[in-house]
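# need a structure here:
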Amino acid sequence: MKLSIIIPVFNERDTILQVIEKVENTYSQEKEIIIIDDYSTDGSRELLVEYCGKHKHMCLSLNAENYGKGRCIRNGLSYATGDFVIIQDADLELDPLEYTGLIKVSLTEKNVDAVFGSRIFPKDGKHLGMQRIMANKLLTYSINLLYGARLSDIMTCYKLIKREVFLSLSLKSDRFDIEAEITCKLLKKGVKIFEVPITYMPRGWDEGKKIRAKDFFKVLKAILRYRFSD
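Next comes the predicted model:
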């Protein structure tokens, strides 16, 4: 099974090369790494150009302006040639070693089109706060209620999806609402979504966390919109 790994990057100079190294050392089968820089201004862009110039097997695309995570994923999909595609954030909140559990499900279960990594939140609540936990639970509950699903974490970055299924979703979102759009459209197509628990090490705002309170309302709006339209 060939795996396409899409890495959206925006101002992650301190972690991006560590993430790439971890991805390189994970999954020994055939894979391709697709990096989309979303007009970084902290030196990430220059670092990636230099690094990928020395590692010709990597695909690097540079956005002309800051479009958002959703546009990066859509851009990355246009380069993907693998059997399955997975998204990898560039911030080390999720460890690529966790791919193993998702891939195992895709290989051992029958007719698997999508596997999500359901994040296990740290018991000490570090860098999370009740607002972030409740926001994630509310968004997940909304999808379960409106789409008749039984998911536990719809905002997870780790979504392993068969490439042709991913492409069939005709994604439109540019920012974090892409997470809801992917999930909603999979469910509307009748795709069974498997879930696997994964470890999560959240960052604080001072460490570069990008998602904000306003994104909650955009995601909720997307959940409602895709329930009643395409």
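# mind checking the SS state of residue 117?
strand (DSSP: H, G, I helix; E, B strand; the rest coil).
# OK, contacts around the closest residue to it other than its chain neighbours?
The spatial neighbour of residue 117 that comes closest, neighbours along the chain excluded (CB to CB, 6 or more residues apart in numbering), is residue 158 at 3.2 Å. The C-beta positions use only the backbone N, C-alpha and C, and glycine is treated the same way. Taking CB atoms under 8 Å, 6 or more residues apart in numbering, we find residue 158 in contact with 86-88, 94, 98-99, 102, 116-117, 198.
# shouldn't residue 33 be in contact with residue 61?
No - because the distance of 11.8 Å does not satisfy CB atoms under 8 Å, residue 33 is recorded as not touching residue 61.
# Which of these two has more residues huddled nearby?
When residue 33 and residue 61 are compared for neighbours, residue 33 comes out ahead with 20 against 15, by other CB atoms under 10 Å.
# helix or strand for that one, which one?
strand 31-37 (DSSP states H and E).
# So which elements touch that strand?
strand 3-9, helix 16-24, helix 44-54, strand 59-62, helix 69-77 (3 or more CB pairs under 8 Å, 6 or more residues apart in numbering; DSSP states H and E).
# Poorly predicted segments of this structure, please.
Counting by pLDDT under 70, the chain has low-confidence residues at 121-129, 203-212.
# where along it do the helices fall?
Taking DSSP state H as the criterion, the chain contains helices spanning 16-24, 44-54, 69-77, 99-108, 129-147, 163-168, 178-188, 213-228.
# Other residues contacting the longest one?
Spelled out, that is helix 129-147. In contact with helix 129-147 (CB under 8 Å, 6+ apart) are residues 121, 125, 149-155, 180, 183-184, 187-188, 202, 213, 216, 219-220, 223-224, 227.
# again, but for the second one
Under the criterion CB under 8 Å, 6+ apart, residues 9-13, 16-17, 20, 35, 37, 39, 58, 60, 62, 90 lie in contact with helix 44-54.
# Can you tell me which of these are buried?
In terms of neighbour count (16 or more other CB atoms under 10 Å), the buried residues within these are 9-13, 16, 20, 35, 37, 58, 60, 90.
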